[in-house]
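# build the 3D model from these lines:
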Amino acid sequence: MWDVMDQVELIATASFGLEAVVSRELQALGYENRTVEDGRVTFRAPLSAIAKCNLWLRSADRVLVKAGEFEAHDFGQLFDQTCELPWRDWLPVDAEFPVRGRSVRSQLSSVPDCQAIVKKAIVESLKKTYRKDWFPETGPLYPVEIAMLKDRATLTIDTTGPGLHKRGYRTLQGDAPLKETLAAALVQLSYWNPDRILIDPFCGTGTIPIEAALIGCNMAPGLNRTFSAETWPQFGEQDWQEARTEAHDVALGSIDAPMIGTDCDDRALSKARFHAKQAGVEQQIHFQKKELSEFTTSRHYGCIICNPPYGERIGEEVEAESLYREMRKKWCDLETWSIYVLTSYPEFERLFDRKAGRRRKIYNGRIACTYYQFPGPPPPRRRES
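Alright, predicted model coming up:
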């Protein structure tokens, strides 16, 4: 049994382009000594960080235990070095430990063979620990992954289960849904804060405003779901409950600034309202049916964060171009607003007739996109009474 003060090496995985966002989240949670690489952030933390990170990380995909990392140019090296890793520290005698794998630019290119070798090596290691020749695998789930990159093997154990984007509130799917983790990242990359109005004019099933409301209310995104590591004997029964109780205690009841989601699709808006209720933020967001051509605001400062249609499908490009021109027309006078647009359309700035102050390459699923950021000036500070 691990002592809660023991330090473990963890990996928070992330979609391409969001690694820095996840690193900042980890810093905010109090975890230093982070190493940022493509697709992941590695850090050392107490065992209790597994519960805390799964509950609180908004833009990461998963939280993994790093079992080991080493060079492996042949299957003999892979077997021997996997066998030497301290699997006894993690896997109980009845552990279920399926092995999945991936290989990129490595001599060990056969993923099924890599998986089989790692599985066999773990079994051999456990035989020495438990003095058994056979393991039933009827106990807690410990998903193992072997990732080969340029002949370097990284072995991890997944603590999360279904990806962290599975918050539990989005049970009704819409067309081309934006992942919750990406929506949270778009908000965190913006200048929005709970004192400023936020509008999503293409809200669909409501993911961007819902994630913003969760951020504004300081609500842990993982409160309404379970995680693989909750069944692990490394944790006492009270560990996860204490982490959840702490998250409940720091949540805020509401935020002052209005949050608005509009769309032209009644069915999508119905799903958005249902999802907001499931997430516990239905009082924070006003959803309304409205075409972009009807966009108006009397506010001098605010944020627009949106994920408009990309025109990816055949025949939709003309519609997307028309929409971007309409955005230029409706938002050209919002000089003090901050505007953020995620799209894969390469000519967006030309149609919007404005150069972005910042751009960030982000993948929406498998679609390479650019997050165009047009930050406006900060609103004047409120006078002290």
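# how about the strands in the stretch 201-350 of the chain?
259-263, 285-289, 303-306, 338-343 (DSSP state E, counting those that start in this stretch).
# of all those strands, which one is nearest residue 35?
strand 338-343 (27.4 Å; C-beta to C-beta). Every residue, glycine included, has its C-beta placed from N, CA and C.
# got a list of contacts for the closest one?
The set of residues external to strand 338-343 that reach it, using C-beta atoms under 8 Å, 6 or more residues apart in numbering, is 186, 189-192, 302-308, 310, 324, 327, 331, 348, 352, 362, 364, 369-376.
# same thing but at 6 Å, please
Here strand 338-343 makes contact (C-beta atoms under 6 Å, 6 or more residues apart in numbering) with 190-191, 303-307, 310, 369, 371-376.
# name whatever forms a beta bridge with the nearest residue to residue 266 once chain neighbours are set aside.
Nearest-residue entry for residue 266: residue 289, 6.0 Å, with adjacent residues in sequence omitted and distances by C-beta to C-beta, 6 or more residues apart in numbering. Residue 289 forms beta bridges with residue 263, as assigned by DSSP bridges.
# tally of neighbours for residue 289?
12 (other C-beta atoms under 10 Å).
# how near is it to residue 255?
24 Å (C-beta to C-beta, to the nearest Å).
# for residue 28, same thing?
18 Å.
# equivalent analysis for residue 188, please.
Per C-beta to C-beta, residue 188 is found 16 Å from residue 255.
# could you do residue 98 as well?
Noted for residue 98: a distance of 42 Å to residue 255, by C-beta to C-beta.
# and if you look at residue 226?
28 Å.
# of the two, which one has the most company?
Of the pair residue 226 and residue 255, residue 255 is the one with more neighbours under other C-beta under 10 Å, namely 20 against 13.
# quick one: residues contacting that one.
194, 216 are the contacts of residue 255 under C-beta under 6 Å, 6+ apart.
# and residue 261, what does it touch?
Neighbours of residue 261 in contact, by C-beta under 6 Å, 6+ apart: 200, 203, 206, 209, 272, 285, 287.
# adding distance to residue 13 and neighbour count, write those residues out as TSV.
TSV is the format used below for those (distance: C-beta to C-beta, whole Å; neighbours: other C-beta atoms under 10 Å):
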residue	distance to residue 13	neighbour count
200	27	30
203	27	28
206	25	30
209	26	28
272	28	28
285	29	23
287	32	23
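# give me the pLDDT value at residue 171.
If you check residue 171, the pLDDT there is 85.
# tell me how many other residues surround residue 89.
14.
# my guess is residue 216 contacts residue 194, does it?
Yes: the criterion here is C-beta atoms under 6 Å, and residue 216 meets it with residue 194 at 3.9 Å.
# show me which of those two is the more surrounded one.
For residue 216 versus residue 194, neighbours defined as other C-beta under 10 Å are more numerous around residue 216 (24 against 18).
# now that one: how far from residue 344?
28 Å.
# what about residue 371, how many neighbours?
23.
# domain assignment for the chain?
7-158, 180-220+251-374 (automatic domain parsing).
# where does the closest residue in space to residue 326 that isn't next to it in sequence land on pLDDT?
Among residues not flanking residue 326 along the chain, residue 292 sits closest, at 5.3 Å (C-beta to C-beta, 6+ apart). Residue 292 carries a pLDDT score of 96 in this model.
# isn't residue 292 right up against residue 324?
No: the pair residue 292 and residue 324 fails to qualify as a contact (C-beta under 6 Å) at a distance of 10.2 Å.
# those two: which has the busier surroundings?
Per other C-beta under 10 Å, whichever of residue 292 and residue 324 has more neighbours is residue 324, with 23 against 18.
# what is the neighbour count of the closest residue to the more buried one other than its chain neighbours?
Residue nearest to residue 324 in three dimensions, not counting chain neighbours: residue 351, with 3.9 Å by C-beta to C-beta, 6+ apart. Here the number of neighbours of residue 351 (other C-beta under 10 Å) works out to 17.
# stretch 109-121: which residues count as buried?
114-115, 117-119, 121 (16 or more other C-beta atoms under 10 Å).
# note down every partner strand of the longest strand seen in the chain and its orientation.
Among the segments of the chain that qualify as a strand by DSSP state E, the longest is strand 62-71. Applying DSSP bridges, strand 62-71 is found paired with strand 7-13 (antiparallel), strand 152-158 (antiparallel).
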